[in-house]
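Asker: Provided below for reference: sequence and predicted model.
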Amino acid sequence: MKIRVIGGGLAGPEAALTAARLGCAVDLYELRAVVDGKPRLTPAHQTTDFGELVCSNSLKSETPNTAPWLLKQEMRRGGSALLRLADATAVPAGHALAVDRVEFSRRISEAIAAEPLIHVIREEVTSLEQDGDTACTIVATGPLTSDALSAEIERITGSGRLAFYDSISPIVDAESIDMERVYMAARWDKGTADYINCPMNRDEYERFLDALLAAEAAEAKEWEKLDYFEGCLPIEVLARRGRETLRFGPMKPVGLRDPRTGMTPWAVVQLRQENLRADSYNLVGFQNHLKFGEQAKVLRLIPGLENARFLRYGQIHRNTYIQAPLLLDETLRLKTRPSILFAGQLSGVEGYTESIATGLLAGIYAAAIAHGEEPVAAPRRSGLGSLVNYITHANPKDFQPANITFDLLEPLDEAERKKIRDKRERHRIECERALEAFDGWWAAIGMAAAAPSR
Ligand SMILES: Cc1cc2nc3c(=O)[nH]c(=O)nc-3n(C[C@H](O)[C@H](O)[C@H](O)COP(=O)(O)OP(=O)(O)OC[C@H]3O[C@@H](n4cnc5c(N)ncnc54)[C@H](O)[C@@H]3O)c2cc1C
């Protein structure tokens, strides 16, 4: 029985090379091709090569005991073919792993061509139905999955289970918020008062609105010209609909009485804790498509944020991904159709390394299925397991793709955290435990004896 891998970006080739290394025949499909002498490409890819890096050439930090380092260490221990080729084509980049993108891509194509078990088919896949020879299918068609396949994924997973955009709200450094000007509260006092509320009076709201309406939008690339979802409209689009629209939307003050005055403000901007360490907060519902400089100017008009340091600005860009928390099990299989696996950006992870990481896992799981075995999920405590734990257990309501960070890793227990105050030492221990968990799993599934990647 063979494995069908759809997508020749990062996750697909990694999955194909992994499954082949484990003795499985693979059909690898890729839409990009030269047709009648002309290249057929996606809106972001510039070549027909496998493993093309569409933007930066960095696979992130190599500093020991950081989360991206941990993920790469586990991938190296797991024999990741693409990471080995990234190491082989690395260029000087300080503490990061950056690659010569042309050479990286060339070597991946070479590895695929040299693998007799991989059969490359340059065509757009539009159906996920399988023939009798196929044990399973890995869908790794990335953030720019073709329209026809997107429609097929929606047909199989159910309407509304596929997102097409990342709507990113700005994030501020907690230390730069003026806590004298804001108050903590939950709407209608439901639950704990975890939100920071920035109250505005009428004048402040009007001034903010004028500045927002005058702010310049970031230019959209051709393929980014967006039809926004009603549910995640940019604030500047809402503002253009009417002067009251924001007050009935993301700046709604009802149920948010200021305990200091006993009054409900005219409008409120809510900030939600971004990470467990509570050192950063995001502006709830403030996704926008404004130029970064304009955002800084406009958002600093919000009371309490006059001197805000922005760790990330709002953005909206094309990204196709499934509702993994509802759809996938911990071995990346569709719960309703276990012969279909998802990997890469489409599965809800973000970034080159994370995409390769899920490609590696999908290749291992698919090989188990093709050999008639039940795949065994990477342990929660490992970096790889943490990444999958996030996409399969995040809140489906506001699920957003994520990079690997310490927030996704299993935290030390309360007693250990109290004992170890130094953050760097805590991270070192978390990484050590993750690697141990990875090694245990790797040995248990019999992979330690498997052939190394070519
Ligand atoms: C413009 C842009 C810039 C980005 N910049 C960065 C960055 O700087 N750093 C970073 O870490 N991440 C970046 N990303 C995210 C990046 O795309 C992913 O990290 C990574 O490429 C995802 O790997 P993947 O294998 O899931 O998808 P891809 O690498 O996109 O591979 C998917 C492949 O599937 C093919 N395909 C699509 N539909 C079909 C079909 N129906 N049939 C057959 N084949 C199909 C595509 O042609 C493509 O080759 C960026 C994304 C975009 C769109």
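Answerer: Good, I have the coordinates.
Asker: How about Ala163, nearest residue that isn't a chain neighbour?
Answerer: In space, and not counting its chain neighbours, Ala163 is closest to Tyr321: 5.5 Å by CB to CB, 6 or more residues apart in numbering. Every residue, glycine included, has its C-beta placed from N, CA and C.
Asker: helices and strands around the helix or strand hosting that neighbour, which ones?
Answerer: Secondary-structure assignment from DSSP states H and E places Tyr321 in strand 315-322. Counting contacts by 3 or more CB pairs under 8 Å, 6 or more residues apart in numbering; DSSP states H and E, strand 315-322 packs against helix 147-157, strand 162-168.
Asker: Quick one: closest of those to Met75.
Answerer: Distance to Met75, taken as CB to CB, is lowest for strand 162-168 among the helices and strands packed on strand 315-322, at 24.1 Å.
Asker: State the next helix or strand along the chain beyond the closest one.
Answerer: strand 171-173.
Asker: What's the separation between Pro401 and Asn319?
Answerer: 7 Å (CB to CB, to the nearest Å).
Asker: what do these two both touch?
Answerer: Taking CB atoms under 8 Å, 6 or more residues apart in numbering as the contact rule, Pro401 and Asn319 both touch Asp166, Gln345.
Asker: Tell me where the model's unsure across the stretch 1-150 of the chain.
Answerer: Within the stretch 1-150 of the chain, no stretch has pLDDT under 70.
Asker: In terms of helix, strand or coil, where does whatever residue of it ends up closest to the ligand fall?
Answerer: Using CB to the nearest ligand atom, Gly9 is the residue of the stretch 1-150 of the chain that sits closest to the ligand, at 1.8 Å. Secondary structure, DSSP: H, G, I helix; E, B strand; the rest coil: Gly9 is coil.
Asker: and it, how many neighbours does it have?
Answerer: Residues lying near Gly9 (other CB atoms under 10 Å) number 31.
Asker: For it, list the residues it contacts.
Answerer: So Gly9 contacts Phe50, Gly51, Glu52, Ala140, Thr141, Gly142, Gly344, Ser355 (CB under 8 Å, 6+ apart).
Asker: give me that answer again for 7 Å
Answerer: Gly51, Glu52, Ala140, Gly142, Gly344 (CB atoms under 7 Å, 6 or more residues apart in numbering).
Asker: neighbour-wise, which of those leads?
Answerer: Going by other CB under 10 Å, Ala140 tops the contacts of Gly9 with 32 neighbours.
Asker: is it true that that one touches Ile3?
Answerer: No: with contacts defined as CB atoms under 7 Å, Ala140 does not count as touching Ile3, sitting 11.7 Å away.
Asker: which residues touch stretch 380-399?
Answerer: For stretch 380-399, contacts defined as CB under 7 Å, 6+ apart pick out 67, 70-71, 74, 323-326, 328-330, 332, 347-349, 354, 357, 361, 377-379, 402, 404, 408-410, 433-434, 437-438, 441.
Asker: what about the nearest residue to Ser176 once chain neighbours are set aside, distance to Asp173?
Answerer: Using CB to CB, 6+ apart and skipping residues adjacent in sequence, the residue nearest Ser176 is Arg309, 4.1 Å away. Taking CB to CB as the measure, Arg309 falls 4 Å from Asp173.
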